[in-house]
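1. Quick one, structure for this:
(2 chains)
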Number of protein chains: 2
Amino acid sequence: MNPHALDQAIALHATAPNRYTGRTDPAYANMVGPFGGVTAATALNAILLHPDRLGEPVALTVNFCAALADGDFEVEAQAVRTNRSTQHWAVSIEQGGETALTATALTATRRETWSKQEVRAPQVLSPAGLGKPQVVAPVEWVKRYDLRFAEGPIPRVWDGDGENSRTTVWMRDEPPRPLDFASLTALCDVFYPRVWRRRATRVPAGTVSMTVYFHAGSAELAAVGDNWLIGQAESSAFRNGYFDQRAQVWSQAGSLLATTHQVVYYKE
Amino acid sequence: MNPHALDQAIALHATAPNRYTGRTDPAYANMVGPFGGVTAATALNAILLHPDRLGEPVALTVNFCAALADGDFEVEAQAVRTNRSTQHWAVSIEQGGETALTATALTATRRETWSKQEVRAPQVLSPAGLGKPQVVAPVEWVKRYDLRFAEGPIPRVWDGDGENSRTTVWMRDEPPRPLDFASLTALCDVFYPRVWRRRATRVPAGTVSMTVYFHAGSAELAAVGDNWLIGQAESSAFRNGYFDQRAQVWSQAGSLLATTHQVVYYKE
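-> Modelled structure (predicted):
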């Protein structure tokens, strides 16, 4: 069986302690460079593959310093502090000697404790009930996902008349792929720019920083398998060239798997 | 006039290109080490003071790798990528040769664009109407803030019976101090641990990673002056040793100044 396209896209080759090489994958091409969600997943993968890793991802912040050019890149991942049950990581991606991405992450061994989920998954039509959208993917990476919008799809009419910034969407890899930390990270970035939704105006926009908090461990992600996830994304404010996006991703059974935030540049 | 306690606490002394020394301040002491909000503000201050800085803070992520010990520390702040209107930073704080904090930040020159605020400030009693709480500050740093809880104060009775995790609170420095990026950063961390609110049970808890998105520029912050801010904080989920906190901070006039997120360790 061939590996899934996502596994090919985030593949890294270890070259020295803490160092890897990777290569952008046309299967996940965005308008300029690759889909940021896959680049974030690649940065996380450098930690997941690292022989010194302690525990599992709890938090990841990725800063997109520049669009990756198509081709090879180098990744450095270093455990900067290892405690008894937590470990802090610094990751960077370089191309041509220049920093294209910085990231920090926390991994930890988690123990069972008192737990409580406060935010409930939105109640919407099922993915089958919503059906596959009849739209042409505007960029290649969108074809790697099955996205079924319950609320706030990409505007069909760009009439400057959006009323809010919320999108609620069923999501999974296309073809389906068992969920893990890497694919969940990429899925946290599948929401199209909130400024397009709010304004129904297609202005240039690009994520500059993105954070993911993982509320589930690898066993819970594995139990989700290749089933649907549901995500909801919304902005708090658009101001002078930057807006924020807050989003939650739940399993179909309603378990919160990740909360994620990003700040996005927009023009005009 | 003496400098404000906050300015003393975040003061840095440049020792070499990209390098500073600082010192923890007993005025902001927490149970172990200093108040994390002030440590985050200190990390940001290394960027604010940097001669190469381009623009103003847009995003900051701080990872608390270990509690700072009382005493001196070293800060390194480096502009890892400078673009036309954006700049990416990596910051670390070390003590005794060990990394105690890592941070990344984005600064940018912002232009006036189409803008829209989606989240409104909560409508609650005024700070004067609420009055000063009659509680003894459990730790020193709490005395450096005037906090007036409209909703979700620190439980007085630890009976394990909290019903949600929300806190709404008026806040300002004590004594009042004109708002800037450093003080706003610290204010983003004044919410006490959400797990105490949700459980009305005082378990050990500590922030491990915190992100701040700045929605306002320095001129807007200066215009707020030393007036009250209102903040609201809430969790999405508590699971197996970690919970998240999302929060917003508005001016008294209702302008969203910052959105902030953190992931917090808790025991049991």
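2. quick one: the helices in chain A?
-> Ranges of helices in chain A, per DSSP state H, are A:5-9, A:36-48, A:127-130, A:181-187, A:194-199, A:218-224.
3. Show the low-confidence segments of chain A, by residue range.
-> Filtered on pLDDT under 70, chain A yields no residues whatsoever.
4. run the last query once more with 80
-> A:1, A:133-135, A:160-162 (pLDDT under 80).
5. Got phi/psi on residue A:216?
-> Backbone torsions for residue A:216, taken as degrees, to the nearest 10, come to phi -120, psi 150.
6. mind listing what it touches?
-> By C-beta atoms under 8 Å, 6 or more residues apart in numbering or on different chains, residue A:216 lies in contact with A:255-258, B:239. (Each C-beta comes from the backbone N, C-alpha and C, glycine too.)
7. Make TSV out of the residues you listed and add neighbour count.
-> Output for those, formatted as TSV (neighbours: other C-beta atoms under 10 Å in any protein chain shown):
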residue	neighbour count
A:255	17
A:256	21
A:257	23
A:258	26
B:239	22
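8. want to throw these into CSV with distance to residue A:113?
-> Below are the contacts of residue A:216 laid out as CSV (distance: C-beta to C-beta, whole Å):
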residue, distance to residue A:113
A:255, 16
A:256, 16
A:257, 18
A:258, 19
B:239, 8
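9. which one among those residues gets closest to residue A:177?
-> Of all the contacts of residue A:216, residue A:177 sits closest to residue A:257, with 14.9 Å by C-beta to C-beta.
10. now the residue lying closest to that closest one once chain neighbours are set aside: how far from residue A:259?
-> Take residue A:257 and drop its neighbours on the chain: the residue closest to it by C-beta to C-beta, 6 or more residues apart in numbering or on different chains is residue A:216, 4.7 Å away. Computed as C-beta to C-beta, to the nearest Å, the residue A:216 to residue A:259 distance reads 11 Å.
11. go on, residue A:192?
-> 19 Å.
12. Looking at those two, which is more packed in?
-> More crowded of residue A:192 and residue A:259, by other C-beta atoms under 10 Å in any protein chain shown: residue A:259, with 24 against 20.
13. ok, now which ones touch the more buried one?
-> Applying C-beta under 8 Å, 6+ apart to residue A:259 gives the contacts A:212-213, A:215, A:246-249, B:236-237, B:244, B:246, B:261.
14. so which of these comes closest to residue A:186?
-> Closest approach to residue A:186 among the contacts of residue A:259 (C-beta to C-beta): residue A:212, at 9.9 Å.
15. Number of residues surrounding the closest one?
-> Neighbour tally, residue A:212, other C-beta under 10 Å: 30.
16. Pull the contacting residues for it.
-> Counting by C-beta under 8 Å, 6+ apart, residue A:212 touches A:40, A:57, A:59-61, A:184-185, A:188, A:258-260.
17. redo that, cut-off 10 Å
-> Residues counted as contacts of residue A:212 (C-beta atoms under 10 Å, 6 or more residues apart in numbering or on different chains) are A:37, A:40-41, A:44, A:57-62, A:105, A:181, A:184-189, A:247, A:249, A:258-262, B:263.
18. and the end-to-end length of stretch A:153-160?
-> Length of stretch A:153-160, first residue to last, C-alpha to C-alpha, to the nearest Å: 15 Å.
19. ok now it, how far from the chain's centre?
-> Centre-to-centre, stretch A:153-160 and its host chain are 23 Å apart (C-alpha atoms, centre = their mean, to the nearest Å).
20. Now do the phi/psi pair for residue A:96.
-> For residue A:96, the backbone dihedrals are phi 60, psi 40 (criterion: degrees, to the nearest 10).
21. List the single closest residue to it in space, sequence neighbours excluded.
-> In space, residue A:96 is closest to residue A:69, 7.9 Å off (C-beta to C-beta, 6+ apart).
22. Now do the one you found against chain B, distance only.
-> Per C-beta to the nearest C-beta, to the nearest Å, residue A:69 is found 14 Å from chain B.
23. For that residue, list the residues it contacts.
-> A:24, A:32-34, A:95-96, A:100.
24. hmm, 8 Å instead?
-> A:24, A:33, A:95-96.
25. And for residue A:174?
-> A:143-146.
26. repeat for residue A:140
-> Shown in contact with residue A:140 (C-beta under 8 Å, 6+ apart): A:26-30.
27. out of those, which one sits closest to residue A:76?
-> Nearest to residue A:76 among the contacts of residue A:140, with distances taken as C-beta to C-beta, is residue A:28, at 21.7 Å.
28. For that closest one, which residues are in contact?
-> Residue A:28 sits next to A:5-6, A:9, A:34-35, A:38, A:140-141, A:144 when contact means C-beta under 8 Å, 6+ apart.
29. Greatest separation within those: which pair is it?
-> A:6 and A:140 (13.3 Å).
30. who in the stretch 1-150 of chain A is up against chain B?
-> A:58-59, A:61, A:63, A:65-66, A:80-81, A:83, A:86, A:88, A:90, A:92, A:98-100, A:102-104, A:106, A:108, A:110-119 (C-beta under 8 Å from any C-beta of the partner chain).
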